[in-house]
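**Student:** Mind looking at a prediction? Sequence and model below.
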Amino acid sequence: MPDARTRTPSTTTRTDVLLYLLLAIATLGIGGGTLAWLFGNLADTALGSGPWAPFEPTQALFHPHQLWPHLPGPALLVGCYGIPALLLATTAIFGAKLWLRFRPNQHGLASQQDLGDLLPRKAAAKATDLRPSLAGTKPKDVAPDDRGVLLGALKPGATEVRSSWEDVLLAIMAPRSGKTSGLAIPALLRAPGPVLLTSNKAANDAYTATLDERARVGRVWTLDPQQIAHAEQTMWWDILADAHDLAGARRLAQHFVTASVSESSAGDFWSTAAANTLTALFLAAARGRRPVTEVMAWLASPADRTPIDLLTDAGLDAVAAQLQGTVAGAVETRDGIFETARQYASCLLDPRVASWVTPPAETNGLRQFRPEAFSTSHDTLFLLSKDGGGSASAIIAAAADAVMRAAVIQAERAGGRLDPPLLAILDEAANVCKIQDLPDLYSHLGSRGVIPITILQSYRQGQRVWGETGMDALWSAATIKLIGSGIDDADFADKLSRLAGDHEVQTVSVSTSESGKSSSVSMRQERVLPADAIRALPKGSALLLATGIRPALLDLKPWYREPNAERLDAASKKATATITERALAKDQSHRSQYGPAA
């Protein structure tokens, strides 16, 4: 009875592989012998040793001294072996590059042909169209970092892949998958214009790795209200600067609400009422030129009529009437609303936190941070905050939002696009930079030259912040999506697998019977990337999903593999040591003042 087996190894049998190997060896031998004969004769002619030898490639390759007995040994080695070997190696390298570039993709993933707009030459050409400062520059003369954000190198090979200066990015990478070392830090170091970074860590992280390098480019601003980096305060930012109208005050209030509640409970009565109260109080403080700390005093005394009077004096009668209605309502309801608002803005109770966002009584060398000036500079802004209880993440989100909105205004004044572009790296976005309408901002930021890179640890983490609809909108609006290793969400992995699609693979069926073996080849559909393959992506690699392009696999290019890695590492260690020293000094000062902790 025939024994039929079906297998899916390579598309060729072992006999075919052996045949191709023999043909390759024969071709290499004939080519090498022909080159040895040609350059041996040329060397013999150059030295005037005699007439050309007859065409005997095998003899020229293995016994050249018999064909040219009068030719010196060094000339024989160079003519018969050195030059032919060099030519064959050059041809092989060039042929391999052409093969990698133009070969048909048998795995269903994007090849170099598919990624044309993201590869160096076309990326440079597009950069000259998007950036007026590069107009007239030949694409070959555009510096690599002026072409776009470096995403990685295409697998297989080492061709750089870059997003353009109108792409907006979303990266979903688990911890320890290279999201900081392979994406955030390289983008920070290579940014041609202003760049901001949000983070909840400082030591041995993006802050210490880039602090010294970015200081060479422009001024470094560090907003560190919770002393993540124990940085000395050298700046302050007026958090009420954009709260002089109702829309600005509402945005500011929403940052405090979003930082404190999940998306599922953001629309309940208490959250909505507290947000309205904070909006009115922020607007009153901004119009009355009062510091934001007075808002906390008004929240502590609901009967204080000062904010109502300030709103009335500013001609905001409707807002004043709404606040008056809240104050004059049932005591239990009023107290509940004010208490909820106090909880949302509780980080402002700490004078050390509030000092970063209120005008100082004396300058003491403090410089005011102005988002509109920053957006047209080459400066760097580090926004640092802890997540969890007592977090100042609302301040961080408000600052990042203010910078991006100021950049959009500057872009409109400059003709529609910011040049050089502003890079906003929102690392730990779901923890320390919860901007509620970020999915909506993604739809137009890229066209203004404001390039956000939102980095999340998982898809569900984004759903907890923006809800299922909001996260879907963010996913859809991002023109570049990077998926790193460690994706343990089965539903998300299956979604990615379905997005990658299917491709046709050959199946070789071998049948064994009494008359011998026979084989047949058939085609079947198979997932390009099964869900388990997506989960098992190796560390340091990422799946690229770009608009209008098939999925591609990339190797990330972490900063510690760059040519200047030693200098960056030394600077990072020095900055980390400084943070440690400051932390110890503050701890000793605290112990001497208050005694050891119980």
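**Tutor:** Looks like it arrived, so ask away.
**Student:** all strands of the stretch 201-350 of the chain, in order?
**Tutor:** 220-223, 235-236 (DSSP state E, counting those that start in this stretch).
**Student:** which regions of the stretch 101-250 of the chain lie under the pLDDT threshold?
**Tutor:** Residue ranges of the stretch 101-250 of the chain with pLDDT under 70: 101-107.
**Student:** on that earlier part again, which one of the strands of the stretch 201-350 of the chain lies nearest to Ala135?
**Tutor:** strand 220-223 (30.2 Å; Cβ to Cβ). Just so you know, the C-beta spots here come from the backbone N, C-alpha and C atoms, and that holds for glycine as well.
**Student:** Count the residues that sit near Ile534.
**Tutor:** Counted with other Cβ atoms under 10 Å, residues neighbouring Ile534 total 21.
**Student:** you'd agree it is in a helix?
**Tutor:** Yes. Counting by DSSP: H, G, I helix; E, B strand; the rest coil, Ile534 is part of a helix.
**Student:** need the contact list for it.
**Tutor:** Contacts for Ile534 (Cβ atoms under 8 Å, 6 or more residues apart in numbering) come out as Ile483, Ile487, Ala493, Leu496, Ser497, Leu543.
**Student:** do Asp304 as well
**Tutor:** Ala297, Trp298.
**Student:** most tightly surrounded among the strands of the stretch 201-350 of the chain?
**Tutor:** Across these, the average number of neighbours (mean count of other Cβ atoms under 10 Å) peaks for strand 220-223, which reaches a mean of 21.
**Student:** Make sure I have this right: Ser518 is in a helix.
**Tutor:** No. Under three-state DSSP, Ser518 falls outside any helix and is assigned strand.
**Student:** The nearest residue to it once chain neighbours are set aside: which element?
**Tutor:** Using Cβ to Cβ, 6 or more residues apart in numbering and skipping the chain neighbours, the partner closest in space to Ser518 is Ser511 (5.1 Å). Taking DSSP states H and E as the criterion, Ser511 maps to strand 502-513.
**Student:** What mean pLDDT does that strand get?
**Tutor:** For strand 502-513, mean pLDDT is 70.
**Student:** Which SSE is immediately downstream of whichever helix in the chain runs longest?
**Tutor:** Ordering each helix of the chain by length in residues (DSSP state H) puts helix 14-47 first. Next helix or strand after helix 14-47 toward the C-terminus (DSSP H and E): helix 57-62.
**Student:** In that next one, which residues are buried?
**Tutor:** Neighbour-count burial for helix 57-62, counted by 16 or more other Cβ atoms under 10 Å, picks out Pro57, Gln59, Ala60, Leu61.
**Student:** Isn't the third one up against Trp52?
**Tutor:** Put plainly, it is Ala60. No. Applying Cβ atoms under 8 Å, one finds Ala60 not in contact with Trp52, separated by 11.3 Å.
**Student:** filter the contacts of Ile534 to the buried ones?
**Tutor:** Judged by 16+ other Cβ under 10 Å, buried ones among these: Ile483, Ile487, Ala493, Leu496, Ser497, Leu543.
**Student:** Reformat the residues you listed as JSON lines; add distance to Leu21 and pLDDT.
**Tutor:** Converted to JSON lines, the buried ones among the contacts of Ile534 look like this (distance: Cβ to Cβ, whole Å; pLDDT from 0 to 100):
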{"residue": "Ile483", "distance to Leu21": "38", "pLDDT": "96"}
{"residue": "Ile487", "distance to Leu21": "39", "pLDDT": "90"}
{"residue": "Ala493", "distance to Leu21": "39", "pLDDT": "92"}
{"residue": "Leu496", "distance to Leu21": "38", "pLDDT": "92"}
{"residue": "Ser497", "distance to Leu21": "36", "pLDDT": "92"}
{"residue": "Leu543", "distance to Leu21": "34", "pLDDT": "95"}
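**Student:** Same list as before, the residues you listed that is, but in a markdown table and with secondary structure and distance to Asn41 included.
**Tutor:** Below are those laid out as a markdown table (DSSP: H, G, I helix; E, B strand; the rest coil; distance: Cβ to Cβ, whole Å):
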| residue | secondary structure | distance to Asn41 |
| --- | --- | --- |
| Ile483 | strand | 58 |
| Ile487 | coil | 62 |
| Ala493 | helix | 63 |
| Leu496 | helix | 60 |
| Ser497 | helix | 60 |
| Leu543 | strand | 54 |
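**Student:** Arg147: which of those residues is nearest?
**Tutor:** Leu543 (21.9 Å).
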